[in-house]
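> The following block contains a protein sequence and its predicted model.
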Amino acid sequence: MSNENRGAAPHRAEAEREEFAEPVEGFRAGFLSFVGRPNAGKSTLTNALVGDKVAITSNKPQTTRHAIRGIVHGSDFQLVLVDTPGLHRPRTLLGKRLNELVAQTLADVDAIAFCIPADEPIGPGDRFIAQHIRDMGRKPLIAIVTKADRVSRQALGEQLLAVQKLGESVTDGEGWTEIIPVSATAGFQVDEVARVLAQHMPVSPPLYPLGSVTDDEDAKIVSELVREAALEGVRDELPHSLAATVEEILPREGRPADRPLLDVRVTVYVERPSQKAIIIGKGGSRLKHIGATARPEIERRLGSQVHLDLHVKVLKDWQRDPKQLNRLGF
Ligand SMILES: Nc1nc2c(ncn2[C@@H]2O[C@H](COP(=O)(O)OP(=O)(O)OP(=O)(O)O)[C@@H](O)[C@H]2O)c(=O)[nH]1
């Protein structure tokens, strides 16, 4: 996600919602964060939920000022997974600041999902997180017992009970809104997790275009691959004058399921018109070559055939302009 997005106000502008509105009655959509101590299985579960569908536009609707990790699309719901830095018991001022940052994120989401591994005893770190999210105001708190495949049925049952007790102890007996066991690696209950989380999202039209899955990592790598290809042979002339940003990565509609195609739109920025001429080359020959060089690796990375659409723009003296630097993600 660009810095521009990070700076945008968290809001649910009706206009944005309507742009993607689907006439599905009772559609639910909202923001959700996974919390849990390191290694609790948050990333693995996120990936299992989002699936290996493809990347997306990194700058579509600015509905959140937080980084989006992924979007889960259901027939009648959309879950937007919002990234948080790890939540730790603070030992330093930095730790405290980070926790404040997490608190801001958690205050904005519609529900919080707390991941606790099935195969490790509940510890002070878990208790700290539980207390922290309890203080986030009245919102659904869903406990997810991860890595269920690693323990016996009996041990899983015992862990579910322990997690329930933890919930009750931090909420004056009220307990978690839901408790669900899951194994992201064995594919056990992953759909159930999505369904349950969706039930706790507000009724709302989709927040993002259907089929989009955000993945900042992919966008970063794609832009880097294009930049590398564009620099080939002109490294000495314009090494630092080149920047590339991914505008969007969207699945082409109407393609057969077994032969998807991604439209990847990338802008290459240069500082001067003379540089633009170099990059484009005679009759566009160099730009074509850049595309042909970068595309195979992009296809490998995104796991799909790609139609690469490159544009070259002059952004005068972008290296010296903080606003432009922000825009380009520096
Ligand atoms: N057996 C099994 N292993 C899992 C499962 N989910 C995650 N793991 C493993 O647990 C380890 C930690 O998982 P992550 O998803 O990276 O945990 P995380 O909470 O994102 O960790 P941080 O990024 O450190 O906060 C990895 O080695 C995963 O492969 C699961 O359902 N079953």
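Looks like it came in fine. Every value quoted in this text rests on a predicted model; they were computed, and no experiment measured them.
> What residues of stretch 26-36 count as buried?
27, 28, 29, 30, 31, 32, 33, 34, 35, 36 (16 or more other C-beta atoms under 10 Å). In this view, the C-beta of every residue, glycine as well, is placed from N, C-alpha and C.
> Which strands or helices does the helix or strand hosting residue 248 pack on?
Residue 248 belongs to strand 243-251 when assigned by DSSP states H and E. If you count contacts as 3 or more C-beta pairs under 8 Å, 6 or more residues apart in numbering; DSSP states H and E, strand 243-251 packs onto helix 216-231, strand 261-270.
> Helix, strand, or coil at the most centrally placed residue in the chain?
In the chain, the centroid-proximal residue (C-alpha atoms, centre = their mean) is residue 69; its distance is 1.5 Å. Here residue 69 is strand, with the state taken from DSSP: H, G, I helix; E, B strand; the rest coil.
> Kindly provide the distance from it to the ligand.
Relative to the ligand, residue 69 is positioned 10 Å away (criterion: C-beta to the nearest ligand atom, to the nearest Å).
> Do you know the pLDDT at that residue?
On the pLDDT scale, residue 69 is placed at 72.
> Identify the residues contacting it.
With C-beta atoms under 8 Å, 6 or more residues apart in numbering as the criterion, the residues that contact residue 69 are 46, 50, 81, 82, 83, 214.
> Could you check how far it is from residue 182?
Separation of residue 69 from residue 182 (C-beta to C-beta, to the nearest Å) stands at 17 Å.
> try residue 46
12 Å.
> do the same with residue 156
11 Å.
> How much space separates the nearest residue to residue 280 once chain neighbours are set aside from the ligand?
Leaving aside its chain neighbours, residue 280 sits nearest to residue 287 (4.9 Å; criterion: C-beta to C-beta, 6 or more residues apart in numbering). Separation of residue 287 from the ligand (C-beta to the nearest ligand atom): 39 Å.
> cool, residue 33 as well?
With C-beta to the nearest ligand atom as the criterion, residue 33 and the ligand are 12 Å apart.
> and that residue, helix, strand or coil?
strand.
> Could I get the pLDDT score of it?
pLDDT, residue 33: 92.
> I'd assumed residue 109 was in contact with it.
Yes. Assessed by C-beta atoms under 8 Å, residue 33 is found in contact with residue 109 at 4.8 Å.
> Return the residues of the chain in contact with the ligand.
Within the chain, the positions adjacent to the ligand are 36, 38-44, 86, 146-147, 149-150, 183-185 by C-beta under 6 Å from any ligand atom.
> State the pair within those that is farthest apart.
86 and 149 (23.9 Å; C-beta to C-beta).
> Report the set of residues contacting both of residue 33 and residue 109.
residue 82.
> Just want to know which of residue 156 and residue 182 has more residues nearby.
Between residue 156 and residue 182, counted using other C-beta atoms under 10 Å, the more crowded position is residue 182 (28 against 19).
> Setting the sequence-adjacent residues aside, check what's closest to the more buried one.
In this structure, residue 182 finds its nearest non-sequential neighbour in residue 189, 4.4 Å apart by C-beta to C-beta, 6+ apart.
> OK, contacts around the one you found?
Counted by C-beta under 8 Å, 6+ apart, residue 189 has contacts 148, 180, 181, 182, 183.
> can you redo these as JSON lines with secondary structure and pLDDT?
Shown next, in JSON lines, are the contacts of residue 189 (DSSP: H, G, I helix; E, B strand; the rest coil; pLDDT from 0 to 100):
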{"residue": "148", "secondary structure": "helix", "pLDDT": "97"}
{"residue": "180", "secondary structure": "strand", "pLDDT": "97"}
{"residue": "181", "secondary structure": "strand", "pLDDT": "97"}
{"residue": "182", "secondary structure": "coil", "pLDDT": "97"}
{"residue": "183", "secondary structure": "strand", "pLDDT": "97"}
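> out of those, which is most surrounded?
Result: residue 182 is most packed of those (other C-beta under 10 Å), 28 neighbours.
> how much space between that residue and residue 34?
For residue 182, the distance to residue 34 - C-beta to C-beta - is 11 Å.
> Mutual contacts of those two, please.
Contact criterion C-beta under 8 Å, 6+ apart; residues shared by residue 182 and residue 34: 45, 144.
> mind listing the helices for the stretch 101-250 of the chain?
124-134, 153-170, 190-199, 216-231 (DSSP state H, counting those that start in this stretch).
> Could you say which of the ones you listed is packed most deeply?
Mean neighbour count (mean count of other C-beta atoms under 10 Å) peaks for helix 216-231 among the helices of the stretch 101-250 of the chain, with a mean of 20.
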